[in-house]
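Student: Quick check, what structure comes out for this input:
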Amino acid sequence: MLDIKFVRNNPQAVKDNIKKKFQDEKLVLVDEVIELDKQFRDAKTRGDYLRSQRNVISKQIGGMMAKGDKSGAEEAKRQVAAMAQELADLEVKEGELQSEIRKRMLVIPNIIDDSVPIGKDDSENVEVARFGEPKVPDYEIPYHVDIMERLQGIDLDSARKTSGNGFYYLTGDIARLHSAILSYARDFMIDRGFTYCIPPFMIRSSVVTGVMSFAEMENMMYKIEGEDLYLIGTSEHSMIGRFADTILSEDKLPQTLTSYSPCFRKEVGAHGIEERGVYRIHQFEKQEMIVICKPEESADWFVKLYNNTVDFFRSLDIPVRTLECCSGDLADLKVKSLDVEAWSPRQKKYFEVGSCSNLGDAQARRLGIRIKGDEGNYFAHTLNNTVVAPPRMLIAFLENNLNEDGSINIPTPLRMYMGGKALIK
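Tutor: The predicted structure follows:
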């Protein structure tokens, strides 16, 4: 959410930003916010004047009574009563105007960074760099579900009976590999100085609206029937929510956290051959990284965060590339975003396995996360990035470690979590 003062003083910059995101239908919101803000400030000014006058007249009433001017005192009381009624009406009006302003401000997108490429959708994202040599073996790489089934590692049919499409049972060495990847990701981030956390897996609506846009919320979140609780789509939601309405001292920053959680997503609109199996699913587990820092430090942390993911995948010898998200592919709260994509030998292309985002002060402004500075309090910047989400990462792992005989190589970093195994047969 933008600062109302910025919108008031820079309406054209806000409109230009909306155009860069190809959301022209939101242009009208800027003018509406400015008009509602003017009405709010006028009402507040009138209220302040009435309070001042009421105090002056109230003090005069005692003097009038002492002088025996009862009629003057009664008239003054009538004026005070009228002011009280007008003040009460103004307070209601101010509340209504604030609500209408906030409703629109929550929909106006954040100002994107100048470095973000302009484009309508993800087809116009820009490749930044590649790490590792992508290889295609001279033998066939089966679909990832077929690889898992041959190793007796997945049961989709039973999951459809118990839960429906988009769910799965992992079993045996594949289930163990899934857990091994998460354990390695946890320790990988701890070794990089991040504090490990396990957050709540449900959050209140006030936190949901603080960390994401309405469109994302509608397409992603599962609501608990009859309660003000939502299942998290990523641990970022509850991790950022942890700091709501707090004032952090500068010497406690940056907050560098890595969190584990299951994630629950509707995945509205999922389709196509690659949505089968465990590519797009309603339930998965993930290791995340979150940073809360000073505004001047967020650009550097953005680079550090996505490099952590690159380094993690390269430590397992999986080729990856980084992709800068264009303006039309950015969620409304994001200032800048970069995807990490892993190489798929079967598809002979890269696919997304993680996303790094700098949200500027958008989440902090919505949730009231401030920093105590020498010259007053100011809003923090928040960032998040995927370390690894094993169901999708498993696809890249299995395809890049598959031998011609159907066995799977276990890289050295994972073997301690796999009971010393170097191979899954």
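Student: quick one, helices of this protein?
Tutor: Counting by DSSP state H, one finds helices in the chain at the ranges 4-9, 11-20, 27-66, 70-105, 144-150, 156-162, 172-191, 205-211, 214-220, 235-241, 298-315, 362-367, 390-401, 412-415.
Student: Out of these, point me to the one whose mean pLDDT is lowest.
Tutor: The minimum mean pLDDT among the helices of the chain belongs to helix 214-220 (a mean of 74).
Student: May I see the buried residues of that helix?
Tutor: Neighbour-count burial for helix 214-220, counted by 16 or more other C-beta atoms under 10 Å, picks out 217, 220. All C-beta spots, glycine's among them, are computed from the backbone N, C-alpha and C.
Student: Packing partners of it?
Tutor: The helices and strands touching helix 214-220, judged by 3 or more C-beta pairs under 8 Å, 6 or more residues apart in numbering; DSSP states H and E, number zero.
Student: Give me the contacts around it.
Tutor: The set of residues external to helix 214-220 that reach it, using C-beta atoms under 8 Å, 6 or more residues apart in numbering, is 106-107, 208-209, 212, 233, 265-269, 331-332.
Student: circling back to that earlier point, dump the helices of the chain to TSV, plus distance to residue 349.
Tutor: Formatted as TSV, the helices of the chain follow (distance: least, C-beta to C-beta, whole Å):
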stretch	distance to residue 349
helix 4-9	41
helix 11-20	28
helix 27-66	37
helix 70-105	40
helix 144-150	14
helix 156-162	24
helix 172-191	22
helix 205-211	31
helix 214-220	25
helix 235-241	27
helix 298-315	16
helix 362-367	32
helix 390-401	11
helix 412-415	25
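Student: any idea how far the residue of the chain most remote from its centre lies from residue 62?
Tutor: Using C-alpha atoms, centre = their mean, the residue of the chain lying farthest from its centre is residue 68. It sits 67.5 Å away. According to C-beta to C-beta, to the nearest Å, residue 68 and residue 62 sit 12 Å apart.
Student: got it, and residue 368?
Tutor: From residue 368 to residue 62 the distance is 42 Å (C-beta to C-beta).
Student: Name the residues linked to residue 155 by a beta bridge.
Tutor: residue 169 (DSSP bridges).
Student: Pull the contacting residues for it.
Tutor: 168-169, 171.
Student: Same check on residue 143?
Tutor: 277, 346.
Student: which among the contacts of residue 155 end up buried?
Tutor: Buried among the contacts of residue 155 (16+ other C-beta under 10 Å): residue 168.
Student: Reformat the contacts of residue 155 as TSV; add pLDDT.
Tutor: Below are these laid out as TSV (pLDDT from 0 to 100):
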residue	pLDDT
168	92
169	94
171	96
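Student: The residue nearest to residue 403 when sequence neighbours are not counted and residue 346: what is the separation?
Tutor: Sequence neighbours aside, residue 409 is the residue nearest to residue 403 in space, at 6.6 Å (criterion: C-beta to C-beta, 6 or more residues apart in numbering). According to C-beta to C-beta, residue 409 and residue 346 sit 16 Å apart.
Student: For the two, indicate the residue with more neighbours.
Tutor: It is residue 346, of residue 409 and residue 346, that has more neighbours when counted by other C-beta atoms under 10 Å, with 18 against 14.
Student: these two touch, right, that one and residue 402?
Tutor: No - taking C-beta atoms under 8 Å as the definition, residue 346 is not a contact partner of residue 402, at 9.1 Å.
Student: Spit out the residues that contact these two alike.
Tutor: residue 141.
Student: Show me just the buried residues among the contacts of helix 214-220.
Tutor: By 16+ other C-beta under 10 Å, the contacts of helix 214-220 give 106-107, 208-209, 212, 233, 265, 267, 331-332 as buried.
Student: Off-centre distance for stretch 399-415?
Tutor: Counting by C-alpha atoms, centre = their mean, to the nearest Å, stretch 399-415 is centred 34 Å from the centre of its parent chain.
Student: Please identify the buried residues of that stretch?
Tutor: So, applying 16+ other C-beta under 10 Å, buried residues of stretch 399-415: 399-402, 408, 410-411, 413-414.
Student: Same question for stretch 36-56.
Tutor: Buried-residue list, stretch 36-56, by 16+ other C-beta under 10 Å: 36-37, 40, 43-44, 47, 50, 54.
Student: Then stretch 228-245?
Tutor: Buried-residue list, stretch 228-245, by 16+ other C-beta under 10 Å: 229-244.
Student: Regarding it, how distant is the last residue from the first?
Tutor: End-to-end span of stretch 228-245 (C-alpha to C-alpha, to the nearest Å): 19 Å.
Student: Quick check: bridge partners of residue 372?
Tutor: residue 249, residue 377.
Student: ok, it - contacts?
Tutor: Residue 372 neighbours (C-beta under 8 Å, 6+ apart): 247-250.
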